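Novice: got a sequence here, can you build the structure:
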Amino acid sequence: MTVDTRNPLHNPFRGHGLPPAVLSDGSMADGEIVTDGTAANALFALCPAAHRTPLETRPDLAEALGIGALWLKDERSRMGLGSFKALGAAFAIARAADAAVRSGAAGSHDTALNGQTYVCASAGNHGLSMAAGAALFGADAVVLLSQTVPENFAERLRGKGASVIRHGSTYEESMAEAVRLAAAKGWNLLSDSSWVGYDAPARDVMEGYLIMGAEAARQVPEPPTHIFLQAGVGGMAAAAAAAARTAWGDAPNIIVVEPDRAPALLESIRAGRPVVTSGDVSNMGRLDCKEPSHLALKYLAKAADRFMLVSDAEASETTGWLAAAGIASSPSGTGGVTGLRRAMKTPEAFGLEGTSRVLVIISEGAADD
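Specialist: The predicted structure is shown next:
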């Protein structure tokens, strides 16, 4: 697929969403994402590992980029798991356990899900979050990994008590096997994506991500003018955009950043409907998703201002640039910063100026590469 990585795609659906015909023809998942993080924060407070991650203010990097302020929401220490995704699957499992206790089906949270098994496919930290959440509430966890996921990550999953199954050469092939196993064995499929016939679990995962966005909104000293959000299937970007719109309304310019080898959201916006893309494997492994989450796509079609693509080379360069500044992450974790750095080559296309205030997310640490 040939894609134009030079200029951002202005979102023609901003403010009103995808065409009604697309939303009603059965090709989109039902439901909407949650945009109010109040309930998520209340449940999160019950978690023993709950804590707020820091927001870094880096005037040195802002000066180097030629902008007024740069704020980095640092998710590398989230719940001891090293990624924002600690908030997703673990939160969805916690919600199920809490519902069991409240209904009287279970006597305590730590045994509420005894006898149940959760299964997912993972290209990275979603599986780690699911494994940790399952262990907290008495469930078993099975994670499908493709052959391209490093073995050290498989060992981390096993260390959290998960069973690891290798299947396929791509994330999509692993996901297909997870769906098959869930149906065949009666397991609970817990994906961070959504599609026709599957949306409620993914909505719970995205609701957990709202916690991160709400924290950032409370931490920044003044509203940002721009927010650059890296995206794979789009769950984190949608949740962060929802938190931003709740806090600041239409003011921030929200830009979604994807690998040019996996432009699922950008091409779906261009087509006005969800599409499956193809391309070589990206070094932004956690963002290397060829098909968007339908719930995330629906919300981002309303809330995001622009979509843009970055190359693997740019991602690697940005990771090195940040490492030299004391911020160790991965090409996936620094995707938003990569987008910002590319945008500063043509700032007028993004409405960037010398006084712009930019919020980005460092979504994971370096150890997960």
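Novice: so which residues of this structure form strands?
Specialist: 9-10, 55-57, 69-74, 117-121, 140-145, 163-166, 188-189, 226-230, 253-259, 306-310, 357-362 (DSSP state E).
Novice: the second one pairs with which strands, and in what direction?
Specialist: On the basis of DSSP bridges, the sheet neighbours of strand 55-57 come out as strand 69-74 (antiparallel).
Novice: compute the mean per-residue pLDDT across stretch 181-188, please.
Specialist: Averaging pLDDT along stretch 181-188 yields 98.
Novice: please apply the same query to stretch 24-44.
Specialist: 82.
Novice: list the buried residues for that stretch?
Specialist: Going by neighbour count (16 or more other CB atoms under 10 Å), the buried part of stretch 24-44 is 28-29, 33-35, 37, 40, 43-44. To be clear about C-beta, it is placed using only N, CA and C from the backbone, and glycine gets the same treatment.
Novice: with only the CA atoms kept, save it in PDB.
Specialist: The C-alpha coordinates for stretch 24-44 follow below in PDB (Å, rounded to 0.1, in the frame of the first residue of the first chain):
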ATOM      1  CA  SER A  24     -26.500   1.600  10.600                       C
ATOM      2  CA  ASP A  25     -25.600  -1.000   7.900                       C
ATOM      3  CA  GLY A  26     -24.300  -3.600  10.300                       C
ATOM      4  CA  SER A  27     -20.600  -3.200   9.500                       C
ATOM      5  CA  MET A  28     -19.800  -1.400  12.800                       C
ATOM      6  CA  ALA A  29     -19.700  -2.700  16.300                       C
ATOM      7  CA  ASP A  30     -22.600  -1.600  18.500                       C
ATOM      8  CA  GLY A  31     -22.300   0.700  21.400                       C
ATOM      9  CA  GLU A  32     -20.100   3.700  22.300                       C
ATOM     10  CA  ILE A  33     -17.100   4.200  24.500                       C
ATOM     11  CA  VAL A  34     -17.500   5.600  28.000                       C
ATOM     12  CA  THR A  35     -16.300   9.200  28.300                       C
ATOM     13  CA  ASP A  36     -17.000   9.900  32.000                       C
ATOM     14  CA  GLY A  37     -14.100   8.500  34.100                       C
ATOM     15  CA  THR A  38     -15.800   8.900  37.500                       C
ATOM     16  CA  ALA A  39     -16.900   5.200  37.900                       C
ATOM     17  CA  ALA A  40     -13.500   4.000  36.600                       C
ATOM     18  CA  ASN A  41     -11.600   6.100  39.100                       C
ATOM     19  CA  ALA A  42     -13.800   4.800  42.000                       C
ATOM     20  CA  LEU A  43     -13.200   1.200  41.000                       C
ATOM     21  CA  PHE A  44      -9.500   1.900  40.400                       C
END
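Novice: can you give the distance of that stretch from its chain's centre?
Specialist: 14 Å (CA atoms, centre = their mean, to the nearest Å).
Novice: if we look at that stretch, which residues are touching it?
Specialist: Stretch 24-44 is touched from outside by 18, 22, 50, 87, 91, 94-95, 98, 194-200, 202-203, 206-208, 210-211, 213-214, 238-239, 242-243, 245-246, 273-274, 293-299, with contacts defined as CB atoms under 8 Å, 6 or more residues apart in numbering.
Novice: just give me the residue closest to the centre of the chain.
Specialist: With distances taken as CA atoms, centre = their mean, residue 236 lies nearest the centre of the chain, 2.8 Å away.
Novice: residues touching that residue, list them.
Specialist: Per CB under 8 Å, 6+ apart, neighbours of residue 236: 84-85, 209, 212, 229-230, 361, 363.
Novice: tell me which two of those residues sit farthest apart.
Specialist: 85 and 229 (14.4 Å; CB to CB).
Novice: thinking again about what came up before, out of the strands of the chain, which comes closest to residue 284?
Specialist: When the strands of the chain are compared (using CB to CB), the closest one is strand 253-259, at 4.6 Å.
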